[in-house]
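Participant: heads up, no residue letters with this:
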């Protein structure tokens, strides 16, 4: 046997081994495809229930003069039906229940409460107690006037109540998207693109869009669920959560309304979406995310064979449909009931964090110069990017880590150039990490993201995003 024959044989053997490993791993962690499920019943199941999910999250409708996606209209209708007073009481009840159950979990060595709070340390417990204290003050109108201020306590409990219903309702509706095949369908079609550009499975594209029309916490919830189902590795889940848990379309409307720049809405939304994908391309390739382990929750290590990009050919559509019907065939209808406990436990914990941290952040912003001091080092950087009113908008570049609305609040009512207002709004939406919602959802999830790591990712995203967003600002204004 000559060298060429030996090389060819070795290459063929290596290729066969790669195929064997890839097939074995796909059975454990990949998108399963069983072409035997390609029949009318499963196809209808996939199309009907996935269609409901797509309609609920992505198809705008007009009801009663309001135009938005059905999921947002449903949430708004529930909040309007209950009213602010009832929602405030519900937040109080949630904070009370969590404080009591956390206390019982510290007393019990085993049991339901211990399992419910298994990931909650004393730092989390202190936030539960603070959330209860603040909620009692606000609902009963007792305590320091600074806490009772409508711009501090009033806004904080309103955010908490809104989060409660957004995460609960949207988290349940997500069942239509993640259990009946649409993720597998889109993921299979998007796999070659997402793998090459972002080193991520195709499902991450759907996660990004779901957060975009719902809420960051919903994106994190979906990512966490897919991580626990061995769709994402730890590294992939962390990358998806910290790069694609974008703010919702409804929040864009809030930000432009606070700054009285509703006319910017379209430019803000489009620019934000483009910048989010540009940042993802960069941030997932550098520490700390690049150092995360490519290991599935079941302990399986991801191999090069599993990470390699697919390619488009004539069979990819059939494979995508087969993946969708395989998923739909294996999903019982009872999933709509069994998903409720997970959604509720996730939602109530996020609510208590929003209540506690929003009060603290809004108090600092309103009554102390801390955020102003924090912004001082950013002024030269903004001046280098030739942004008007650099000193005035500098604090807005960093305070978003506490609450996403804080950046626009720091500039609202000031005589600031439209270019810089646009810059602040877009920057706040692409930073992703903010502790009144998304960051707390990430810490509560199972992929192991910690406080310090999230702060570092926030700073990295901010430093990289500033010149990119500034470029778009200069082009558009």
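Facilitator: Yep, it's here. Because the structure is predicted, anything quoted here is derived from the model rather than measured. Numbers count the residues shown, from 1 in each chain.
Participant: longest single helix anywhere in this structure?
Facilitator: Longest helix in the chain by number of residues, with DSSP state H as the criterion: helix 70-107.
Participant: Report the buried residues of it.
Facilitator: Residues of helix 70-107 classed as buried: 70-76, 79, 87-88, 90-92, 94-96, 98-99, 101-102, 105 (neighbour count, 16 or more other Cβ atoms under 10 Å). All C-beta spots, glycine's among them, are computed from the backbone N, C-alpha and C.
Participant: Would you indicate which residues of the following helix or strand past that helix are buried?
Facilitator: Using DSSP states H and E, the helix or strand that follows helix 70-107 in sequence is helix 112-116. Buried residues in helix 112-116, counted by 16+ other Cβ under 10 Å: 113, 116.
Participant: Which strands or helices does helix 112-116 pack on?
Facilitator: helix 70-107 (3 or more Cβ pairs under 8 Å, 6 or more residues apart in numbering; DSSP states H and E).
Participant: Could you pull out the helices in the stretch 301-450 of the chain for me?
Facilitator: For the stretch 301-450 of the chain, the helices defined by DSSP state H, counting those that start in this stretch cover 304-307, 316-329, 335-338, 340-367, 370-375, 379-384, 390-393, 406-411, 418-430, 438-444.
Participant: which residues sit against stretch 312-330?
Facilitator: By Cβ atoms under 8 Å, 6 or more residues apart in numbering, the residues outside stretch 312-330 that reach it are 31-35, 37-39, 42-43, 45-46, 49-50, 179-189, 192, 310.
Participant: Can you give the distance of that stretch from its chain's centre?
Facilitator: Here the centre of stretch 312-330 is set off from its chain's centre by 27 Å, with Cα atoms, centre = their mean, to the nearest Å.
Participant: Flag every buried residue along that stretch.
Facilitator: Neighbour-count burial for stretch 312-330, counted by 16+ other Cβ under 10 Å, picks out 319-329.
Participant: Give me the below-cutoff pLDDT ranges for the stretch 301-450 of the chain.
Facilitator: For the stretch 301-450 of the chain, the stretches flagged by pLDDT under 70 are 308-310.
Participant: For the buried residues of stretch 312-330, could you give me CSV that also reports distance to residue 57?
Facilitator: What follows is the buried residues of stretch 312-330, written out as CSV (distance: Cβ to Cβ, whole Å):
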residue, distance to residue 57
319, 24
320, 19
321, 21
322, 24
323, 20
324, 17
325, 21
326, 22
327, 18
328, 18
329, 23
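Participant: which among these gets closest to residue 426?
Facilitator: Nearest to residue 426 among those: residue 320, at 33.6 Å, using Cβ to Cβ.
Participant: Count the neighbours of the closest residue to the closest one other than its chain neighbours for me.
Facilitator: In space, residue 320 comes closest to residue 188 once its chain neighbours are excluded; the distance is 3.9 Å by Cβ to Cβ, 6 or more residues apart in numbering. By the measure other Cβ atoms under 10 Å, the count of residues near residue 188 is 24.
Participant: per-residue pLDDT, residue 188?
Facilitator: Listed pLDDT for residue 188 reads 79.
Participant: my guess is it is in a helix, correct?
Facilitator: Yes: counting by DSSP: H, G, I helix; E, B strand; the rest coil, residue 188 is located in a helix.
Participant: Next one: it relative to residue 378, how far apart?
Facilitator: Per Cβ to Cβ, to the nearest Å, residue 188 is found 43 Å from residue 378.
Participant: my read: residue 164 touches residue 91, true?
Facilitator: Yes: in this structure residue 164 lies within contact range of residue 91 using Cβ atoms under 8 Å: 6.6 Å.
Participant: quick one: common contacting residues for the two?
Facilitator: residue 351.
Participant: show me where pLDDT drops low in the stretch 101-250 of the chain?
Facilitator: 202-203, 205-215, 248-250.
Participant: again, only this time at 90
Facilitator: Residue ranges of the stretch 101-250 of the chain with pLDDT under 90: 107-124, 150-152, 155-156, 158-175, 177-179, 181-226, 228-232, 240, 244-250.
Participant: rewinding a little: could you pick out the buried ones from the contacts of stretch 312-330?
Facilitator: Buried among those by 16+ other Cβ under 10 Å: 31, 33, 37-38, 42-43, 45-46, 49-50, 179-189, 192, 310.
Participant: can you tell me which of those are in helices?
Facilitator: Within these, residues falling in helices by DSSP H are 42-43, 45-46, 49-50, 182-189, 192.
Participant: and which of those is nearest to residue 354?
Facilitator: residue 183 (27.4 Å).
Participant: Wait, the closest one touches residue 174, no?
Facilitator: No: between residue 183 and residue 174 there is no contact under Cβ under 8 Å: 10.0 Å.
Participant: buried sites along stretch 257-276?
Facilitator: 258-259, 261, 264-265, 267-269, 271-272, 275-276.
Participant: Need those in TSV (columns: secondary structure).
Facilitator: Converted to TSV, these look like this (three-state DSSP):
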residue	secondary structure
258	helix
259	coil
261	coil
264	helix
265	helix
267	helix
268	helix
269	helix
271	helix
272	helix
275	helix
276	helix
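Participant: Could you give the number of residues near residue 288?
Facilitator: 17.
Participant: How about it, nearest residue that isn't a chain neighbour?
Facilitator: Nearest to residue 288 is residue 453, by Cβ to Cβ, 6+ apart, at 5.5 Å.
Participant: Run through the neighbouring helices and strands of the one helix or strand residue 222 maps to.
Facilitator: Here residue 222 is covered by helix 216-228, with elements defined by DSSP H and E. Applying 3+ Cβ pairs under 8 Å, 6+ apart, one finds that helix 216-228 makes contact with helix 155-178, helix 203-213, helix 234-244, helix 340-367, helix 438-444.
Participant: Let me have those helices in CSV, extended by distance to residue 110 and mean neighbour count.
Facilitator: Below are the helices and strands packed on helix 216-228 laid out as CSV (distance: least, Cβ to Cβ, whole Å; neighbours: other Cβ atoms under 10 Å):
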stretch, distance to residue 110, mean neighbour count
helix 155-178, 28, 24
helix 203-213, 35, 26
helix 234-244, 27, 27
helix 340-367, 18, 22
helix 438-444, 21, 26
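Participant: hmm, back to that, out of the buried residues of stretch 257-276, the closest to residue 119 would be?
Facilitator: For those, the nearest to residue 119 is residue 276 (28.2 Å; Cβ to Cβ).
Participant: relative to helix 340-367, how tilted is the helix holding residue 222?
Facilitator: Using axes from the mean of the first three to the mean of the last three Cα atoms, to 10 degrees, the direction of helix 216-228 lies 140 degrees away from that of helix 340-367.
Participant: Other residues contacting helix 216-228?
Facilitator: Residues outside helix 216-228 that contact it (Cβ under 8 Å, 6+ apart): 163, 166-167, 170-171, 174, 177-178, 183, 203, 207-208, 210-211, 232-234, 236-237, 240-241, 244-248, 297, 342-343, 346, 350, 432, 434, 437-438, 441-442, 445-447.
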